[in-house]
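[1] got a structure for you, letters missing:
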Ligand code: FAD
Ligand code: EPU
């Protein structure tokens, strides 16, 4: 029997990003290695849950590859402190399941929207912990084949990893630490309290990385830039590092607002967002 082909369709990337901005792309959804091989045979980008992406309204001319349901897999999670998890598994469910099992290591990621692959690529985190704290090994699809690499080879730093060019994270082995549900929940509550002031409106999280020892949000705040608006894009009143989409922001609105913020700040800030199609 012939292997099934990837599901390919033209989509609007704004429907696949939390900022709700972005134009057309050809979306290749893959559920096994053969499909990954076919999808990645031409230049491509990898889409996770779209929570850190700023996409041009012009769309992207490369294929967009997304891992399908076969990679949404956390079977056995919680039964053991060490487990392989599929890269399309949503992080929030993993964080909750680890808490119930009394396993520590993921609680610092409470409230971070992501799938595992995106959280690894970004080394997502908060000051209570980051993805790299628990990743032991990563399975990558790269150059047409699967390979397993130790976390130490991935160059994890603050909001940064060094995945090989053209690599897709397919699975990862996480190592958690036995603790108690109560202790894990206490840290989660502290994380949730730290995020309580973040806006609930459409965004892609913090736009800029924090400079060493400071908060980009605080710098934008003291520069008086909260509420600054271009079209439907606005610097959130709740937190200066969140650019929110008030409704129908265009990518030009968002790009112009980012440029304005950068121009009015005393120091350059590095974008945390990943930009597609610019
Ligand atoms: P995407 O945004 O889809 O992709 C991000 C990058 O990862 C892209 O370069 C993409 O190509 C790459 N990628 C995705 N999947 C794979 C894969 N399988 N293999 C290889 N590369 C891949 N981030 C934090 O760190 N801390 C926070 O506290 C936080 N709070 C947030 C709050 C809100 C309300 C929002 C909207 C975002 C927040 N973010 C935060 C940003 C976002 O949650 C993280 O950057 C997260 O890691 C993005 O994961 P994703 O799956 O959505 O990845
Ligand atoms: N602050 C202000 N004004 C603002 C925002 C912040 O004065 O508008 C001050 C706060 O009062 C606080 C300090 O700046 O004294 C730090 O603020 P906060 O605790 O909100 O943390 P942050 O450094 O701004 C970081 C991460 C968030 C993460 C939170 C919670 C970055 C770029 N941001 O924000 O991550 O959720 O800590 O731990 O590292 C993301 O990366 O997308 C993200 C949302």
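    Now that the structure is in, tell me what you want to look at. Since the model is a prediction, treat every value here as computed from it, not as a measurement. Ligands and ions are numbered 1, 2, ... in the order given.

[2] How about the residues of the chain by ligand 2?
    126-127, 194-195, 205-206, 209-210, 215-218, 221, 239-241, 272 (CB under 6 Å from any ligand atom). (Glycine included, C-beta is placed from N, CA and C.)

[3] The residues you listed in strands, which ones?
    Counting by DSSP state E, the part of those found in strands is residue 126.

[4] Would you list the buried entries among the residues of the chain next to ligand 2?
    Burial by neighbour count, judged by 16 or more other CB atoms under 10 Å, picks out 126, 205, 206, 209, 210, 216, 217, 221, 239, 240, 241, 272 from the residues of the chain next to ligand 2.

[5] and of those, the nearest to ligand 1?
    residue 205 (2.5 Å; CB to the nearest ligand atom).

[6] Tell me the pLDDT of the closest one.
    We have a pLDDT of 98 for residue 205.

[7] Also residue 266?
    The predicted local confidence for residue 266 is 84.

[8] Now do the residue most central in space within the chain, the pLDDT please.
    Geometric centre of the chain, nearest residue: residue 118, 4.1 Å, by CA atoms, centre = their mean. pLDDT for residue 118: 98.

[9] give the contact list for the closest residue to it other than its chain neighbours.
    Ranked by CB to CB, 6 or more residues apart in numbering and with sequence neighbours excluded, the top spatial neighbour of residue 118 is residue 48, at 2.6 Å. Contacts for residue 48 (CB atoms under 8 Å, 6 or more residues apart in numbering) come out as 66, 88, 114, 115, 117, 118, 119, 121.

[10] rerun at 6 Å
    115, 117, 118 (CB atoms under 6 Å, 6 or more residues apart in numbering).

[11] what do you get for residue 99?
    Residue 99 touches 181, 184, 185, counting by CB under 6 Å, 6+ apart.

[12] Format the buried ones among the residues of the chain next to ligand 2 as CSV; extra columns: distance to residue 107.
    Below are these laid out as CSV (distance: CB to CB, whole Å):
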residue, distance to residue 107
126, 10
205, 18
206, 20
209, 22
210, 21
216, 24
217, 22
221, 28
239, 22
240, 26
241, 23
272, 22
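
[13] Of those, which is the nearest to residue 60?
    Checking these against residue 60 with CB to CB, the nearest one is residue 272 at 19.3 Å.

[14] That closest one against residue 204, yeah?
    No: under the criterion of CB atoms under 6 Å, residue 272 makes no contact with residue 204, lying 8.6 Å away.

[15] what about this structure, any weak spots by pLDDT?
    Applying pLDDT under 70 to the chain picks out residues 1-3.

[16] Can you pull the residues of this structure lying near ligand 1?
    18, 45-53, 67, 87, 112-115, 117-119, 121-122, 124-126, 159, 163, 168-169, 203-205, 274.

[17] check contacts around the nearest residue to residue 210 once chain neighbours are set aside.
    Once flanking residues are discounted, residue 210 sits nearest to residue 216: 5.2 Å by CB to CB, 6+ apart. Contact analysis of residue 216 by CB under 6 Å, 6+ apart lists 208, 210, 241, 269.

[18] Across the sheet, point out what pairs with residue 229.
    residue 234 (DSSP bridges).

[19] Residue 53 contacts residue 274, correct?
    Yes: Residue 53 is in contact with residue 274 according to CB under 6 Å; the separation is 5.4 Å.

[20] In terms of packing, which of the two has more residues around it?
    Remark: of residue 53 and residue 274, residue 53 carries more neighbours, 23 against 16, as counted by other CB atoms under 10 Å.

[21] Any idea how many residues pack against the closest residue in space to that one that isn't next to it in sequence?
    Of all residues not flanking residue 53 in the chain, residue 17 sits nearest, at 4.9 Å (CB to CB, 6+ apart). By the criterion of other CB under 10 Å, residue 17 has 22 neighbours.

[22] need the contact list for residue 17.
    So residue 17 contacts 50, 53, 55 (CB under 6 Å, 6+ apart).
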